[in-house]
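In: Predicted model and sequence follow; I will ask about them next.
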Amino acid sequence: MFSKLGTKIALHKAGLGNVSLPSFPKSEASSRTNPDGTPSEGGGFANPFTNVQWGVPKALQSWQTPPPPPNPVREPPQIGDRAQSNVKLKFPAIDGRPCVVFFMRFCGCPFTEKLFVAMRSLSNRHPSIHFIAISHCTPNATDAWVKTLGGAWNIDVVVDQTRELYALWGLGISNWGHVLNPRNGINQIKMYRNDGVGGKQIAEGSCRWQVGGAYAVDERGLVKWGGPMKSVDDMIVFEEAVAALGFGGPGKPGVF
């Protein structure tokens with residue numbers, strides 16, 4: 001849980017040092033819970049950017065809590081469950097291939113960039129698997145971001161601007177601890193220095209509070225691997241998804 005001082009430090013690192021934190025009465029803070037009834041990891045702080053009307057900069061707009069998706073956020077699917085199907089994302093896949101689906105946090109997130117590039121490399125090595133990346137940014141912004149990375153190659157990019165697919169797969173809005181953990185900033189700096197990843201423009205429609213995740217779904221439409229990201233810097237190992245589908249090694253169903 002973040003202390004007020006710790007949160008201010010994290011905001012300063014994020015370039016938002018002038019933002020004032022709201023304070024809640026003790027009774028209100030203690031009553032804040034996650035959708036499953038457990039205490040909120042954010043230490044009782046609601047997102048202070050929820051009702052702020054931002055100006056032009058997309059980096060600032062991305063801190064605002066978006067409107068809720070059209071459908072309630074469901075529980076994340078478990079291993080062995082039938083994959084949730086939607087007109088935008090149908091299971092079993094029409095082409096009969098198993099799928100690896102990556103729900104991206106937002107276009108412009110350096111951790112998302114690294115994961116997308118890793119998934120793209122696998123898509124070239126495993127043409128028998130259908131690789132899909134989901135974006136909640138605007139179509140034009142998503143397309144522009146993908147082009148800055150050199151294209152999608154064999155990944156199909158699906159735009160879910162209303163975030164109905166995210167909600168269908170149990171991916172809702174995160175809390176302070178998920179987004180502003182100081183470790184995230186440290187790892188971001190290391191990633192930029194060591195791998196040159198980062199520095200991309202925040203795409204229009206981005207929301208930093210959106211939880212990302214990834215799943216592997218077999219040709220029958222059953223979930224074999226995956227789950228929500230545990231933190232912003234959670235480095236999903238897509239090779240495990242491929243193995244869980246029976247490719248590239250002795251796969252075992254499971255979660256990352």
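Out: Received, thanks. Residues are numbered from 1 along each chain as shown.
In: Okay, helices next: where are they in the stretch 1-150 of the chain?
Out: Secondary structure of the stretch 1-150 of the chain (DSSP state H, counting those that start in this stretch): helices at 4-13, 26-30, 58-61, 110-125, 139-148.
In: And the strands in this protein, which stretches?
Out: Along the chain, counting by DSSP state E, strands occupy 99-103, 130-135, 155-159, 213-217, 223-228.
In: among the ones you listed, which is nearest Ala167?
Out: Ala167 sits nearest to strand 99-103 of all those, at 10.6 Å, using C-beta to C-beta. All C-beta atoms are positioned from the backbone trio N, CA, C, and that covers glycine.
In: Can you pull the poorly scored residue ranges out of the protein?
Out: Along the chain, the model assigns pLDDT under 70 to residues 1-60, 62-63, 65, 175-200, 249-256.
In: picking that back up, for the strands of the chain, which one ends up most surrounded?
Out: strand 213-217 (a mean of 27; mean count of other C-beta atoms under 10 Å).
In: count of residues packed around the residue nearest to Arg163 when sequence neighbours are not counted?
Out: Nearest in space to Arg163, with sequence neighbours left out and distances taken as C-beta to C-beta, 6 or more residues apart in numbering, is Pro69 at 4.3 Å. Using other C-beta atoms under 10 Å, Pro69 is surrounded by 19 other residues.
In: Verify the contact between Pro69 and Gly170 for me.
Out: No. Judged on C-beta atoms under 8 Å, Pro69 makes no contact with Gly170 at a distance of 11.6 Å.
In: could the strands of the chain be laid out in JSON lines, adding distance to Ile202?
Out: Output for the strands of the chain, formatted as JSON lines (distance: least, C-beta to C-beta, whole Å):
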{"stretch": "strand 99-103", "distance to Ile202": "18"}
{"stretch": "strand 130-135", "distance to Ile202": "13"}
{"stretch": "strand 155-159", "distance to Ile202": "16"}
{"stretch": "strand 213-217", "distance to Ile202": "20"}
{"stretch": "strand 223-228", "distance to Ile202": "22"}
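In: For the residue nearest to Arg163, list the residues it contacts.
Out: 162-164, 166-167 (C-beta atoms under 8 Å, 6 or more residues apart in numbering).
In: Count residues in the vicinity of Asp95, would you?
Out: 8.
In: which residues does it contact?
Out: His130.
In: Check the gap between it and Gly80 for me.
Out: Separation of Asp95 from Gly80 (C-beta to C-beta, to the nearest Å): 23 Å.
In: Then Tyr215?
Out: In this structure, Tyr215 and Gly80 are 12 Å apart, going by C-beta to C-beta.
In: Return every residue with contacts to both of the two.
Out: Counting by C-beta under 8 Å, 6+ apart, the shared contacts of Tyr215 and Gly80 are Val223.
In: picking up where we left off before, among the contacts of Pro69, which one lies nearest to Cys137?
Out: Nearest to Cys137 among those, with distances taken as C-beta to C-beta, is Arg163, at 10.6 Å.
In: got a list of what the closest one touches?
Out: Arg163 neighbours (C-beta under 8 Å, 6+ apart): 66, 69, 136, 210.
In: Most neighbours out of those residues, which is it?
Out: Highest count within these by other C-beta under 10 Å belongs to His136, 27 neighbours.
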